[in-house]
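In: Mind looking at a prediction? Sequence and model below.
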Amino acid sequence: MAKSDVANSRSIDWMSNSLVKGLVALVAGGGSGIGEATSKVLAANGASVVVADRRKEPAERVASEIVRDGGAAIAVTMDVSAQNDIDSAIAETIATYGKLDILINSAGVIFPASLEDCSLDDWRTSFLVNVDAALILGRSCLPHLRKSNAAAIVNIASLAGGRGYPNGGAYGPSKAALISLTRQMALEWAKDGVRVNVVSPGTIDTPLTRSNMTPAVMADREAKIPLGRLGVAGELADTVVFLASPAASFITAQEVNCDGGLSQALMVQKFYANK
Ligand SMILES: NC(=O)c1ccc[n+]([C@@H]2O[C@H](COP(=O)([O-])OP(=O)(O)OC[C@H]3O[C@@H](n4cnc5c(N)ncnc54)[C@H](O)[C@@H]3O)[C@@H](O)[C@H]2O)c1
């Protein structure tokens, strides 16, 4: 069995877990990858989930798969950088489920380029989607989160927020800003009982990764990860859902790296941890 199959084959004991039972979650970027897996793990743990994505069809597919499997979910089309879309998504959440307890922000964009060559349009879009949107989304949800006694926000940043890499362009700088924004939100909104944390994935096997890395680059990255493989979306989802749940009730303003040890492995050509 391949190493990633081991991670993928972890069973989600559908609806028998209850980490977020009775809570309502809005998942931005819920139509694919980490956001999709997080939507499903939230539902499996008893939350009602609003799957929000800029792309309508993926959001609808994820919501219908959750409902098919016995969970509660609706889909909304929402561009995280558009205040109108956010307002409509929140209004639909309240109209359907009556409250909002959890906000997950997994929407993100990446435009690989050197700093010398990256276009200012791509730079600005990176900051608009990866940073500005987190602020707009967070403060738009705040009035509802304040009313919850289990309020939590989890943003998804990246290891790139703390380290440079070739052709990173605006991605790392924008994720660094998101990590800083998360701390600022957490400290300002602690008095409202709203916990805010950020998860930084290492390299996770998702559609985003596959569209940005050749198989050779993915294999090279895999060799540098102490656990000897890329992560899978379900592993990120479990980390995110833990932080979003009352099980993490004393954790706020933290960055959690979910990366197979990559962030702690300096100057490594190849790991043989699993051989
Ligand atoms: N996959 C990785 O290895 C990895 C590593 C580090 C960080 N991340 C971060 O994790 C998050 C999720 O990445 P993923 O790999 O699951 O990507 P993905 O492309 O599989 O999913 C991202 C989803 O966000 C949606 N989205 C993009 N822009 C949006 C917008 N403006 N408004 C609403 N939705 C939008 C997309 O339609 C897509 O469904 C991103 O923030 C990414 O930067 C991923």
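Out: Sure, I can see it. Residues are numbered from 1 along each chain as shown.
In: ok, now how distant is the residue lying closest to Arg183 once chain neighbours are set aside from Val241?
Out: Spatial nearest neighbour of Arg183, excluding adjacent residues (CB to CB, 6 or more residues apart in numbering): Ala253 at 5.1 Å. No exception for glycine: its C-beta is placed from N, CA and C like everyone else's. Relative to Val241, Ala253 is positioned 19 Å away (CB to CB, to the nearest Å).
In: Looking at the two, which is more packed in?
Out: More crowded of Ala253 and Val241, by other CB atoms under 10 Å: Val241, with 28 against 16.
In: I'd assumed Asn17 was in contact with that one.
Out: No - at 9.1 Å, Val241 does not count as touching Asn17 under the criterion of CB atoms under 8 Å.
In: So for the two, which residues contact both of them?
Out: The contact sets of Val241 and Asn17 overlap at Asn45 (CB atoms under 8 Å, 6 or more residues apart in numbering).
In: Next up, the contacts around the one residue sitting closest to the centre of the chain.
Out: By CA atoms, centre = their mean, the chain has its centre lying nearest to Ser106, at 3.3 Å. Taking CB under 8 Å, 6+ apart, we find Ser106 in contact with Val27, Ala28, Gly29, Gly30, Gly33, Ile34, Gly35, Thr38, Ile156, Val240.
In: By neighbours, which of those wins?
Out: Val27 (35 neighbours).
In: Secondary structure of it: a strand, I assume?
Out: Yes - assignment of Val27 by DSSP: H, G, I helix; E, B strand; the rest coil places it within a strand.
In: Beta-bridge partners for it, please?
Out: Assessed by DSSP bridges, Val27 has beta-bridge partners Val51, Ile104.
In: Could you tell me which residues of the stretch 1-150 of the chain lie near the ligand?
Out: 28-29, 31-35, 53-55, 58, 78-81, 106-109, 129 (CB under 6 Å from any ligand atom).
In: can you pull the contacts of Ala107?
Out: Shown in contact with Ala107 (CB under 8 Å, 6+ apart): Ala28, Gly29, Gly35, Asp53, Arg54, Val80, Val129, Ala133.
In: mind running it again at 7 Å?
Out: Ala107 makes contact with Ala28, Gly29, Val80, Val129, Ala133, according to CB atoms under 7 Å, 6 or more residues apart in numbering.
In: now do Ile179
Out: Ala157, Gly161, Val198, Glu255.
In: Same check on His144?
Out: His144 neighbours (CB under 7 Å, 6+ apart): Ile90, Ile94, Lys99, Leu100.
In: among these, who's most crowded?
Out: Ranking the contacts of His144 using other CB under 10 Å puts Leu100 first, with 24 neighbours.
In: How about the contacts made by Val24?
Out: Contacts of Val24 by CB under 7 Å, 6+ apart are Ala47, Ser48, Thr93, Tyr97, Lys99, Leu100, Asp101.
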